[in-house]
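Visitor: structure for the following, please:
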Amino acid sequence: MSHNIIFTSDAAKRISEIKTENEPYFRVMVKGGGCSGFQYEMKLSAEVKEDDLVIETDGEKLLIDPISLEYLDGSTIDFVEELVGAAFKVSNPNASSSCGCGVSFSV
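Guide: Here you go, the predicted model:
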């Protein structure tokens, strides 16, 4: 499965800090919902599914299912620390607009 997704070293470092022995992977999904139509869901995962795209950076594995990949292709997945807090951030060139809080987007 080819892709153009960038999984940054900062994101990999944060995953190494929060992952557990039982949930060693980090999954990024696109789900319907939010004020703009779609929203990102990120969580630790115990397993790699057969059709998952696996992207490895600095020894950490990011998982993306095929449906979410259609919406995420070309994106950068990063971890940013700012004065207002720290969070994983998806910079998605496919999003035509996003809500003010940055949680949901439309295509």
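Visitor: so the residue nearest to the spatial centre of the chain, which state does it fall into?
Guide: Nearest to the geometric centre of the chain sits residue 28, at 3.6 Å (Cα atoms, centre = their mean). Secondary structure assignment for residue 28 (DSSP: H, G, I helix; E, B strand; the rest coil): strand.
Visitor: touching, it and residue 76? I think so.
Guide: No. Residue 28 lies out of contact with residue 76 (Cβ atoms under 8 Å); the separation is 11.4 Å. Backbone N, C-alpha and C define where each C-beta goes, glycine included.
Visitor: name the residues contacting each of these two.
Guide: residue 90 (Cβ atoms under 8 Å, 6 or more residues apart in numbering).
Visitor: residues contacting the residue nearest to the centre of the chain?
Guide: Residues in contact with residue 28 (Cβ under 8 Å, 6+ apart) are 40-42, 62-64, 68, 72, 77, 88, 90.
Visitor: distance of it from residue 16?
Guide: Using Cβ to Cβ, to the nearest Å, residue 28 is found at 16 Å from residue 16.
Visitor: same check, this time on residue 37
Guide: Where residue 16 is concerned, residue 37 sits at a distance of 33 Å (Cβ to Cβ).
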